[in-house]
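1. okay, sequence plus prediction incoming.
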Amino acid sequence: MSTPVTVESIALMGVVTLAGGYQLASFAKRVGKKRYQVKLAYPAITGNPDFELIYRAQQNCLEFYPIFMSALWTSGLFFHKYPTFLAGVVYLYSREKYFTGYSKSAEQRLPGFHWSVRCLMSLLTMGVVGLGHTLLKQYAGINLYEQYLHQYLNFN
């Protein structure tokens with residue numbers, strides 16, 4: 001029997017989701033401010049190197065966001081909420097570092113980029129493991145967790 005999903009059990013993922021939405025809004029605001037500062041008329045996205053850096057940083061963050069959200073929720077629902085929450089918070093922090101670095105130069109984006117990819121890979125891995133376990137248990141009657149505990153952690 002699986003544990004029911006409750007509002008309390010998904011609250012931490014909700015926190016990360018809202019923080020991520022706020023972060024994207026903040027990035028959009030900074031792009032708009034830079035557009036105003038450099039006097040780049042709509043709808044142009046080229047013509048000023050400083051604007052192009054910050055615009056590209058924002059676009060990249062938007063491109064990764066659906067991957068992040070799907071990995072976050074799959075991991076949180078099927079694996080465990082606490083490591084999911086931690087990986088989500090580190091991901092958002094690393095995206096902030098990425099955006100700030102990219103706004104200065106393309107090379108300064110790399111530390112934030114590498115950390116955010118590590119977080120995504122962690123979330124994806126946790127999601128695959130958790131979902132795989134759930135599917136095996138539900139459709140094949142195989143409970144790897146219990147079998148692992150009985151086989152390898154039997155202290156009797």
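-> Cool, the structure landed. Residues are numbered from 1 along each chain as shown.
2. longest helix in the protein, please.
-> Scanning the chain for the helix with the most residues, using DSSP state H, yields helix 7-38.
3. buried set for that helix?
-> Residues 10, 12-13, 16-17, 20, 23-24, 27, 30-31, 34-35 are the ones in helix 7-38 that count as buried (16 or more other Cβ atoms under 10 Å). In this view, the C-beta of every residue, glycine as well, is placed from N, C-alpha and C.
4. any idea how far the residue nearest to the spatial centre of the chain is from residue 80?
-> For the chain, the residue nearest the mean C-alpha position is residue 68 (3.3 Å; Cα atoms, centre = their mean). To residue 80, residue 68 is 18 Å away according to Cβ to Cβ, to the nearest Å.
5. residue 55 sits in which helix or strand?
-> helix 49-78 (DSSP states H and E).
6. and if you look at residue 124?
-> Element membership for residue 124, per DSSP H and E: helix 110-135.
7. same question, residue 96
-> Using DSSP H and E, residue 96 maps to helix 81-104.
8. with residue 41 instead?
-> Applying DSSP H and E, one finds residue 41 in no helix or strand.
9. count of residues packed around it?
-> As a burial measure, residue 41 scores 7 neighbours (other Cβ atoms under 10 Å).
10. how about residue 40?
-> Using other Cβ under 10 Å, the number of residues around residue 40 comes to 18.
11. isn't it right up against residue 50?
-> No - contact criterion Cβ atoms under 8 Å: residue 40 and residue 50 do not qualify, at 9.5 Å.
12. contacts only, for the closest residue to residue 74 other than its chain neighbours.
-> Spatially, and ignoring its direct neighbours in sequence, residue 74 is nearest to residue 127 (3.5 Å; Cβ to Cβ, 6 or more residues apart in numbering). Going by Cβ atoms under 8 Å, 6 or more residues apart in numbering, residue 127 touches 71, 74-75, 78-79.
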